[in-house]
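In: turn this into a model:
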Amino acid sequence: MTLGDALPAVRSPIPAAAGQAWVERLAASECPALTTRRKRREEQTGASHDPIVWVEAQGANVVDADGNRYVDLTSGFGVALVGHRHPKVVEAVKRQADRLLHALGDLHPSDVKIELLERLCELAPWPQARAMLSLSGADAVTAALKTAVMATGKTGVIAFEGSYHGLTYGPLAVSGFAERFRKPFEAQLQPDVHFAMWPEREADVEAALRTLPADWSRMGALIVEPVQGRAGVRLPPPGFLEALKRLCEENDALLIADEIFTGLGRCGAWWRSVDEGITPDVICLGKALGGGLPVSACIASEEVMGAWGASDREAIHTGTFYGDPLGSAAALTTIDLIEGEHLIERAADRGNAWATALRAEGLPGVLEVRHAGMMLGLQLGAPMQALTVTHALLERGYLVLPAGMRADVLQLAPPVTVSEAQLEGFTASLRDVLGQP
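Out: This next block holds a predicted model:
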């Protein structure tokens with residue numbers, strides 16, 4: 001096996017001497033909030049939660065500073081859909097770096113930025129589309145929220161309990177995952193946000209719809225994740241997204257689909273929302289788009305995006321590095337790979353097969369396996385249990401994220417190119433971890 005499709009090889013403590021030295025340097029230089037989080041998790045689980053420090057990655061493998069090899073079932077928060085350091089992405093970035101690193105943004109753009117804008121518009125679910133490029137998912141959500149104000153003239157937003165759209169001010173205001181994220185900054189956040197219930201079962205749909213505002217007169221947008229990722233891979237029941245779209249149409253509000261995690265093939269379709277039977281008014285994408293580089297976008301129909309109007313001397317929404325040449329080149333190549341290597345079909349087929357196999361395993365303590373393509377959530381039985389399980393899996397060489405409102409879900413989102421042997425090895429390790437008293 002070569003690096004990329006290899007099984008784990010953990011031969012030292014996590015972290016060992018080299019890794020621990022890096023962790024100490026991190027603790028001395030990084031904002032203390034993250035160090036405090038690790039300490040809190042240690043108190044909750046009784047185990048060290050010092051990070052491993054990545055020094056190399058390829059395909060589905062990651063190597064740490066101590067030389068340990070892992071299988072990454074997170075794709076680096078969903079980024080490495082095509083695999084870490086895909087050779088064609090690396091080649092595209094090197095080729096671009098040889099001729100142009102930076103252009104003059106919205107004033108004098110690069111050729112490759114324009115090519116990416118055109119390509120995204122071709123992938124959009126509207127006959128004619130326009131796009132705005134940015135760097136992070138939160139940037140894309142900010143652009144979408146601004147677009148809704150421009151298009152409707154209304155500033156109110158409907159969002160959902162459990163939602164996670166980013167932590168910059170606009171996205172933070174509409175993120176319902178944890179009140180503690182918003183609490184310190186409430187006085188500076190957009191106040192006109194209505195959080196509605198997220199239905200976890202079809203029987204909950206009517207109750208959830210009743211938690212939407214009775215008066216939509218101030219509501220210009222409804223923002224929704226087609227699958228709630230950080231909340232534990234919570235899929236909307238059949239018909240729920242369609243009901244939301246109808247209500248938006250009836251009330252002159254835009255439906256914003258946050259496809260930052262779910263889009264670009266992760267869930268077995270270019271756009272999970274479209275696969276669920278709706279055409280959103282605005283789509284946000286990011287994570288996998290850059291193949292490892294920071295690239296995101298907000299796309300909408302020509303009619304909706306046209307509400308921004310023609311620029312009057314100055315662009316009122318832009319950024320120095322939006323549409324930078326390196327990220328644009330990486331994104332174009334990533335889109336080519338998704339199409340050329342049939343990764344959408346592979347995500348759908350492999351995700352179904354993997355979820356079916358995990359259910360058939362009858363893993364002790366796993367109450368439910370939820371999935372959409374290669375985005376899976378394993379529901380555990382106890383609050384905070386995912387913290388303990390993910391740490392035990394890390395010691396066995398598998399990177400998995402805890403998720404869920406109570407840290408009781410294992411979130412799995414590996415590169416679509418992950419090998420069958422790597423998935424089988426994870427299942428065996430998970431069975432071993434869950435079988436321990």
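
In: gap between the two ends of stretch 55-68?
Out: Using C-alpha to C-alpha, to the nearest Å, one end of stretch 55-68 lies 10 Å from the other.

In: break this protein down into its domains, please.
Out: The record's domain parsing of the chain by automatic domain parsing lists 17-72+342-434, 87-340.

In: which stretches of the chain aren't confidently modelled?
Out: Applying pLDDT under 70 to the chain picks out residues 36, 310-313, 437.

In: which one is the residue positioned nearest the centre of it nearest to, not counting chain neighbours?
Out: For the chain, Phe261 is the residue whose C-alpha lies nearest the centre (C-alpha atoms, centre = their mean; 3.0 Å). Nearest residue to Phe261 in three dimensions, chain neighbours excluded: Gly229, at 4.5 Å (C-beta to C-beta, 6 or more residues apart in numbering). C-betas here are computed from N, CA, C, even on glycine.

In: got it, and Gly76?
Out: Using C-beta to C-beta, 6+ apart, the closest residue to Gly76 is His84 (7.1 Å).

In: quick check on that neighbour: phi, psi?
Out: Dihedral pair for His84: phi -70, psi 140, per degrees, to the nearest 10.

In: and it, how far from Val295?
Out: 16 Å (C-beta to C-beta, to the nearest Å).

In: who has more neighbours out of those two?
Out: Set side by side, His84 and Val295 show more neighbours around Val295, with 31 against 24, by other C-beta atoms under 10 Å.

In: give the contact list for the more buried one.
Out: 116, 133-135, 286, 289, 327-328, 330-331 (C-beta atoms under 8 Å, 6 or more residues apart in numbering).

In: direction included, what does the helix or strand harbouring Phe195 pair up with?
Out: Here Phe195 sits within strand 193-196, counting by DSSP states H and E. Strand pairing for strand 193-196, using DSSP bridges, gives strand 156-160 (parallel).

In: pull the residues that contact the helix or strand that the strand it pairs with is followed by.
Out: As assigned by DSSP H and E, the chain's next helix or strand after strand 156-160 is helix 169-173. Helix 169-173 has contacts (C-beta under 8 Å, 6+ apart) with 137-138, 141-142, 145-146, 157, 165-166, 181-182, 185, 188-190, 193.

In: list the buried ones in the lengthiest helix in the chain?
Out: For the chain, the longest helix by residue count, based on DSSP state H, is helix 343-361. For helix 343-361, burial by neighbour count (16 or more other C-beta atoms under 10 Å) applies to 343-344, 346-348, 350-351, 354-355, 358.

In: what's around Pro115, how many residues?
Out: Actually, residue 115 is Glu rather than Pro. 14.

In: and it, what is it in contact with?
Out: By C-beta under 8 Å, 6+ apart, the neighbours of Glu115 are 328, 332.

In: need the three-state assignment for it.
Out: helix (DSSP: H, G, I helix; E, B strand; the rest coil).

In: go on, the one 10 residues further on?
Out: The local conformation at Pro125, judged by three-state DSSP, is coil.

In: show me what contacts it?
Out: 271, 274, 279-280, 283.

In: from Glu395, how far off is Asp408?
Out: 20 Å.

In: these two - which one has more neighbours?
Out: Neighbour tally, Asp408 and Glu395, criterion other C-beta under 10 Å: the higher count belongs to Asp408, 21 against 15.

In: that one: what's its closest spatial neighbour, skipping adjacent residues?
Out: Nearest non-adjacent residue to Asp408, counting by C-beta to C-beta, 6+ apart: Leu380, 4.8 Å away.

In: beta-bridge partners for that neighbour, please?
Out: Counting by DSSP bridges, Leu380 forms beta bridges with Val366.

In: sorry, back to before: could I get the longest helix of the chain in CSV with only the CA atoms?
Out: Taking C-alpha atoms only, helix 343-361 is exported to CSV below (Å, rounded to 0.1, in the frame of the first residue of the first chain):
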residue,chain,number,x,y,z
LEU,A,343,-17.1,11.1,-7.8
ILE,A,344,-20.7,12.0,-7.5
GLU,A,345,-21.8,8.5,-8.5
ARG,A,346,-19.1,7.0,-6.3
ALA,A,347,-20.3,9.0,-3.3
ALA,A,348,-23.9,7.9,-3.8
ASP,A,349,-23.0,4.2,-4.4
ARG,A,350,-20.3,3.9,-1.8
GLY,A,351,-22.2,5.8,0.8
ASN,A,352,-25.3,3.6,0.4
ALA,A,353,-23.1,0.5,0.6
TRP,A,354,-21.1,1.7,3.7
ALA,A,355,-24.2,2.8,5.6
THR,A,356,-25.9,-0.6,4.8
ALA,A,357,-22.8,-2.5,6.0
LEU,A,358,-22.6,-0.4,9.2
ARG,A,359,-26.2,-1.1,10.0
ALA,A,360,-25.7,-4.8,9.3
GLU,A,361,-22.8,-4.9,11.8
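
In: hang on, the earlier thing: what about the contacts of helix 169-173, which one has the most neighbours?
Out: Among the contacts of helix 169-173, His165 has more neighbours than the rest - 30 neighbours, counting by other C-beta under 10 Å.

In: if we can go back for a sec, could I get the domains of the chain as a markdown table with distance to Asp5?
Out: Formatted as a markdown table, these follow (distance: least, C-beta to C-beta, whole Å):
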| stretch | distance to Asp5 |
| --- | --- |
| domain 17-72+342-434 | 4 |
| domain 87-340 | 14 |
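
In: quick one: closest of those domains to Gly78.
Out: domain 87-340 (4.4 Å; C-beta to C-beta).

In: that closest one: how far from the chain's middle?
Out: With C-alpha atoms, centre = their mean, to the nearest Å as the basis, domain 87-340 stands 11 Å off its chain's centre.

In: please name the nearest non-neighbouring residue to Asp5.
Out: Of all residues not flanking Asp5 in the chain, Ser419 sits nearest, at 4.2 Å (C-beta to C-beta, 6+ apart).

In: count residues in the vicinity of that neighbour, would you?
Out: 19.

In: next: Met1.
Out: Met1 has 10 nearby residues by other C-beta under 10 Å.

In: same deal with Ala65?
Out: The burial count for Ala65: 19, using other C-beta under 10 Å.

In: for the nearest residue to Pro294 once chain neighbours are set aside, give me its contacts.
Out: Counting by C-beta to C-beta, 6+ apart, Leu135 is the residue found nearest to Pro294 once chain neighbours are left out, at 4.6 Å. Neighbour list for Leu135: 294-296, 319, 321-322, 327 [criterion: C-beta under 8 Å, 6+ apart].

In: ok so, going back, which ones among the contacts of helix 169-173 map onto helices?
Out: Short answer: those in helices (DSSP H) are 137-138, 141-142, 145-146, 181-182.
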